[in-house]
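[1] Fold the following, please.
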Amino acid sequence: MTPRRFAPLRLAAVALAGLTTLHVPAAQLLDDRAVTIHSAREIAAKRRTLIRFIWGEAGFPKHRLPDVVRTNVASPVQQLDRLARVDEFRMDLAPGLQGLAYHFIPRNPNRELVVVHHGHGCTLDDDPSPEDKGSGLQRTIAALLREGYGVLGVFMPHMRPGDCNGGHDAMFQMESSGSPMKFFLEPTAIGLNEIKNRSRADNSPRYRAFHMTGLSGGGWTTTIYAAIDPTIRCSFPVAGTIPLYLRTRGSVGDREQFDPAFYSLAGYPDLYILGAHGHGRKQVQILVRRDDCCFGEAQHDPETTRMAYAESLRAYENRVSAALKQIGNASFRLHIDEKAPSHMISHHAIEDVILPALRSAR
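    Now for the predicted structure:
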């Protein structure tokens, strides 16, 4: 494939990586189809490299806590009948940028917690009906509470109640140490720090395992965060990513999805390996065939990829699975949701994929 010209600010990172590009409207995407890590030692080294890129010398924020904690607040999600209480965490990430998360504490805790990360939506309180409507955040939280899981509900930057203007591309012009990518990950890291800290100090559950799922941009965050933080045991990105070399149309995404400086260090297949490898860890990637946003069959270009939709997905699934089989101590699989009517976490995904996988990991 003939390489395309890059905008000046992207050229250095791409040249260093020695990668080619794919032409799509308004973006230049790296060809990330190759798996470049093949051992546990290389996995650890790659994770250190990514952490250094994201946070610089400061490193992963393993001790940072929220700036404001409010306990026993009114639930931001209605019709949660297995809920004991909700705590609110707010984090000042940068001037004019605040992170927000809610800790939903179950009535009958099973001592495990699932991060539920929203994407480009500003409420977790969507459709509670038994039909597949809305984004599926409410039904995901309700189902997890029903099973005894604690839930940390997290919002993306500039996509929360009170600040719903998006503007993710502009964040990459902000002056900060490390990379602006950190602003997408810190609300989860800081929220988990607070939960682990509080479980030792008050009547909050003492969680022994942590998992993560998310939709769309939250599925992307799940992919990246699970790659960075191996304490996430099971991860379930929903309609969140596919490798860059397969992306066209609505699947290109905002800058965080394709930033060359970051993905020249680790393409998506490598990130899937990082998110799945480790004792007791697994990643189940869920993509929606009838997605009306991204990563579905309607956004797939068979002429560019020379493969049908499902075939193109199984190709990278097989490469990732083969690499993990060689490395050992990992599980990765891809599930195509044939039942969801649109961009969502469907009842099928919750009841037939996510919950069974969580139960089997206990």
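[2] What strands line up against the longest strand seen in the chain, and which way round?
    Criterion DSSP state E: the longest strand present in the chain is strand 83-94. Sheet pairing of strand 83-94 (DSSP bridges) gives strand 68-70 (antiparallel), strand 97-106 (antiparallel).
[3] most tightly surrounded among those?
    When the strands paired with strand 83-94 are scored by mean count of other CB atoms under 10 Å, the highest mean neighbour count falls to strand 97-106 (a mean of 23). Placement of C-beta: from N, CA and C, glycine included.
[4] Now that strand: average pLDDT?
    Per-region confidence: strand 97-106 scores 95 on mean pLDDT.
[5] Next SSE downstream of that strand?
    The helix or strand immediately downstream of strand 97-106 is strand 112-117, counting by DSSP states H and E.
[6] Sheet-wise, list the partners of that next one with their directions.
    Using DSSP bridges, strand 112-117 pairs in its sheet with strand 150-154 (parallel), strand 209-215 (parallel).
[7] How about the contacts made by residue 35?
    Residue 35 is in contact with 269-270, 273, 319-320, 323, counting by CB atoms under 8 Å, 6 or more residues apart in numbering.
[8] On the three-state scheme, it is what?
    Using DSSP: H, G, I helix; E, B strand; the rest coil, the structure places residue 35 in coil.
[9] Check the residue most central in space within the chain and give its pLDDT.
    By CA atoms, centre = their mean, the chain has its centre lying nearest to residue 222, at 1.8 Å. Per-residue pLDDT puts residue 222 at 99.
[10] Could I get the full set of helices for this structure?
    Ranges of helices in the chain, per DSSP state H, are 8-17, 40-55, 137-146, 168-171, 182-198, 217-228, 255-258, 260-263, 268-276, 302-305, 309-327, 347-348, 355-360.
[11] Identify all contacting residues around the longest one.
    Helix 309-327 is contacted from outside by 33, 35, 37-40, 43, 242-243, 246, 268-269, 272-273, 276-277, 285, 287, 289, 296-297, 300, 302, 305, 307, 330-334, 336, using CB under 8 Å, 6+ apart.
[12] What subset of those residues is buried?
    35, 37, 43, 242-243, 246, 268-269, 272-273, 276-277, 285, 287, 289, 296-297, 300, 305, 330-332, 334, 336 (16 or more other CB atoms under 10 Å).
[13] which residues does residue 333 contact?
    Contacts of residue 333 (CB under 8 Å, 6+ apart): 283-285, 317, 321.
[14] 7 Å - rerun?
    284, 317 (CB atoms under 7 Å, 6 or more residues apart in numbering).
[15] Where does the prediction get shaky in the stretch 251-362 of the chain?
    By pLDDT under 70, the stretch 251-362 of the chain contains no weakly predicted segment.
[16] Stretch 105-117 spans what distance, first to last residue?
    Start and end residues of stretch 105-117 are separated by 16 Å (CA to CA, to the nearest Å).
[17] Pull the distance from that stretch to the chain's centre.
    Its chain's C-alpha centre and that of stretch 105-117 lie 18 Å apart, by CA atoms, centre = their mean, to the nearest Å.
[18] Check stretch 114-125 too.
    So, by CA atoms, centre = their mean, the centroid of stretch 114-125 is 11 Å from its chain's centroid.
[19] Could I get the buried residue list for it?
    114-125.
[20] tell me which of these is nearest to residue 177?
    Residue 177 lies nearest to residue 117 out of the buried residues of stretch 114-125, by CB to CB, at 24.0 Å.
[21] circling back: quick one: closest of the helices of the chain to residue 162.
    Using CB to CB, the nearest of those to residue 162 is helix 182-198, at 14.4 Å.
[22] could I get the buried residues of stretch 114-125 as CSV with distance to residue 104?
    As requested, the buried residues of stretch 114-125 are exported to CSV (distance: CB to CB, whole Å):
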residue, distance to residue 104
114, 10
115, 11
116, 9
117, 13
118, 13
119, 18
120, 21
121, 17
122, 18
123, 14
124, 9
125, 12
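[23] List just the nearest of those residues to residue 205.
    residue 114 (12.5 Å).
[24] what comes up buried for the longest strand of the chain?
    Within strand 83-94, judged by 16+ other CB under 10 Å, the buried ones are 83-84, 86-91, 93-94.
[25] now stretch 155-163
    Buried, per 16+ other CB under 10 Å, within stretch 155-163: 155-160, 163.
[26] Endpoints of it, how far apart?
    End-to-end distance for stretch 155-163, by CA to CA: 10 Å.
[27] which residues touch that stretch?
    97-98, 100, 118-123, 165-168, 171, 183-184, 217-218, 221.
[28] Averaged pLDDT, that stretch. What do you get?
    79.
[29] tell me how far that stretch is from the chain's mean position?
    16 Å.
[30] Now do the contacts for residue 293.
    Applying CB under 7 Å, 6+ apart, we find residue 293 in contact with 216, 239, 250, 343.
[31] which one of those residues has the most neighbours?
    residue 239 (32 neighbours; other CB atoms under 10 Å).
[32] re the thing from before, among the buried residues of stretch 114-125, show me the least confident.
    Within those, residue 120 has the lowest pLDDT, namely 83.
[33] Report the spatially nearest residue to that one, omitting neighbours in sequence.
    When the adjacent residues along the chain are set aside, residue 120 lies closest to residue 217, with 5.2 Å between them (CB to CB, 6 or more residues apart in numbering).
[34] isn't that neighbour right up against residue 121?
    No. Look at residue 217 against residue 121 with CB atoms under 7 Å: they stay out of range, at 8.6 Å.
[35] Columns distance to residue 69 on top of the contacts of residue 293, output as a markdown table?
    Below are those laid out as a markdown table (distance: CB to CB, whole Å):
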| residue | distance to residue 69 |
| --- | --- |
| 216 | 28 |
| 239 | 31 |
| 250 | 38 |
| 343 | 33 |
